[in-house]
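Undergrad: I'll drop the sequence and a predicted model, then ask my questions.
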Amino acid sequence: MPKGVVLNCVVSLAAVLVMFATGCGVTRGSQYANHGDLKVSNSSFVDLPRWPDNAAINVAIAPQLEPYLANPYFSSFSEQAIQNQVDVNGDGMVDLIVSEDLLLVVLLWDGNMYQTPFIYVASPAKYGTETRVRFADWTGDDSAEIVFELIGHTGGSGFSELYGESHIIYCDMSCHSVWDGVTWRYGRDRTIPGTDGMMLEQRDFQRYEQDAEFYLDATLTGFAVDSMSTGGEFEVGSVPAIAGVTVVTTTLTTYQWQDGRFEIVNAAVVNPMQQITPVSSLSARGNPGATAEIISLTEFPNSIQACQLHVNGLPVEPVFACKLHFTQVSWQDMTGDGQQEILVTTIASNGSDDILDLETPVAEDCLFQQALVFALDGAAAQLLVELKGCIIRSDLLGVAIVDVEDDGIMEIQVARHLFLPDYWSCFLWSPCWIDPAYGVTLYRWDGRSYQIVGGMSIPAQP
């Protein structure tokens, strides 16, 4: 399939956030590639050697970059700017794509010289920005589009947020943006006034061909957990009963690639916004007649609490954090020995009011679900394992009890943190990148203790 016609998409960061539900619809454009107030013509040529160094490229693009150089967050290319040599317009000739920080430059080679550079300038985040360039076929024509990706950290009074953007750039005779949008957001919960929690929104893409036409599905999912404080200040307020977890509206937007542009052909609500019904079971009777009960040691039932297991009225170590609305205790054979163990599951966090503490790869510092397994030894109970997994999906998956090998020994799946390596490493010690990555680590009882026996990727959607 040949490359298509010129089109154009102009998106500011504010507009991206407004259009997050569907992404940016693109329209047929002129000979200019636009981002903000930057306009660079692709209709003429530039005098550069076949493989110019970054200093020569800076000279060629200096007139277009002059308005931006007054911004302390922006600079032209350094010697460390990354050069990629890729055919991005399908003409069989290798083009030059240069990127560093907020700046992307595409030089299309026509066999004799370069066209005037296509320049894309990303918007900086408030506290930190990192970018990278990838190449992938987004249009079904067997030629690579340029994927200019950004992660940023923003915030303000009462909130802190990480987010990711993608800018899909399509080249033929010239280059232009065909899709711009926020692909994920992770931060403190701002959806319900007066609460303190976290939120995650994620857009997942599926590209496919049907009846000789190429389509792109973008599915938006997410959730928000409120009242994750350890104090009592969120005990009462405007949130009735503080049920705890809201699943955001799930939307599916379908784009069709038509004449060099993505056209929205369908936008539908798959599932409306809803609150997850709390599931709480704080007492259970097992064999032979023993009773396991979860007791709260703090005064604020709608916040994160200090909880402890009691067996037949006697406390069992350790004390652990729990949100009572989502805490369950049960008896089941976890180790395959024919005896029932006590299984406790709950969700909690460290109670911090700063999302930075929720973004580290340490399970104790994220919003987590935990599983505690206790063995009954006569009248006493003993802790076998305590595992914490970061909650990464709208079904509150953090830990899951499964019998992978169907042999009666229950494995424990523990969700890995969404962002590895951790946030600070990426912004302070580049090059580095963080993407939401959905995966679990598998733990299994070996007769003496729980050991890691493997891991796997899991779908981003339940």
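TA: Done, it's in. Numbering: from 1, shown residues only.

Undergrad: export stretch 199-217 as CSV, just CAs?
TA: What follows is stretch 199-217 as a C-alpha-only set of coordinates in CSV (Å, rounded to 0.1, in the frame of the first residue of the first chain):
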residue,chain,number,x,y,z
MET,A,199,-5.9,6.8,40.2
LEU,A,200,-4.7,5.0,37.1
GLU,A,201,-6.0,5.5,33.6
GLN,A,202,-4.6,3.4,30.7
ARG,A,203,-5.2,3.4,27.0
ASP,A,204,-4.5,0.1,25.2
PHE,A,205,-4.2,-0.1,21.5
GLN,A,206,-4.9,-2.9,19.1
ARG,A,207,-4.1,-2.7,15.4
TYR,A,208,-5.8,-5.0,12.9
GLU,A,209,-6.8,-5.5,9.3
GLN,A,210,-10.4,-6.4,8.3
ASP,A,211,-11.9,-6.6,4.8
ALA,A,212,-8.7,-5.1,3.4
GLU,A,213,-9.1,-2.1,5.6
PHE,A,214,-6.7,-1.1,8.5
TYR,A,215,-8.2,-0.3,11.9
LEU,A,216,-7.0,1.0,15.3
ASP,A,217,-8.9,0.3,18.5
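
Undergrad: Share the number of residues neighbouring R207, please.
TA: 15 (other C-beta atoms under 10 Å). For every residue, glycine as well, the C-beta is placed using N, CA and C.

Undergrad: same thing with R393?
TA: Neighbourhood size, R393 [other C-beta under 10 Å]: 21.

Undergrad: Roughly how far does the closest residue to it other than its chain neighbours sit from P315?
TA: Distances taken as C-beta to C-beta, 6 or more residues apart in numbering place P462 nearest to R393, at 5.6 Å, with adjacent residues excluded. Remark: distance between P462 and P315 (C-beta to C-beta, to the nearest Å) = 35 Å.

Undergrad: Quick check, the residue nearest to R393 in contact with S394.
TA: Yes: under the criterion of C-beta atoms under 8 Å, P462 makes contact with S394 at 6.3 Å.

Undergrad: The two: who's more crowded?
TA: Between P462 and S394, S394 has the larger neighbour count (other C-beta under 10 Å), namely 24 against 11.

Undergrad: where does the more buried one land in three-state SS?
TA: Classification of S394 using DSSP: H, G, I helix; E, B strand; the rest coil returns coil.

Undergrad: Could you tell me the end-to-end distance of stretch 131-141?
TA: 26 Å (C-alpha to C-alpha, to the nearest Å).

Undergrad: need the helices for the stretch 301-450 of the chain, in chain order.
TA: Listed in chain order, the helices of the stretch 301-450 of the chain (DSSP state H, counting those that start in this stretch) span 355-358, 423-428.

Undergrad: Domains in this protein, by residue range?
TA: The record's domain parsing of the chain by automatic domain parsing lists 7-275, 283-457.

Undergrad: In terms of mean pLDDT, which of the helices of the stretch 301-450 of the chain ranks lowest?
TA: Looking at the helices of the stretch 301-450 of the chain, the lowest mean pLDDT belongs to helix 355-358 (a mean of 41).

Undergrad: In this protein, where is pLDDT below threshold?
TA: 1-45, 157-159, 188-197, 226-245, 300-303, 350-366, 419-434 (pLDDT under 70).

Undergrad: What ranges does the stretch 1-150 of the chain have for its helices?
TA: Listed in chain order, the helices found in the stretch 1-150 of the chain under DSSP H, counting those that start in this stretch are 13-18, 54-65.

Undergrad: what's the longest one in contact with?
TA: Helix 54-65 is contacted from outside by 38, 40, 46-49, 52, 76-79, 81, 83, 98, 103, 105, 107, 117, 119, using C-beta atoms under 8 Å, 6 or more residues apart in numbering.

Undergrad: repeat for stretch 134-146
TA: With C-beta under 8 Å, 6+ apart as the test, stretch 134-146 has contacts from 1-4, 84, 86-90, 97, 104, 106, 133, 147, 149, 168-171, 175, 178-179, 207, 209, 214, 216, 257.

Undergrad: Great, nothing more from me.
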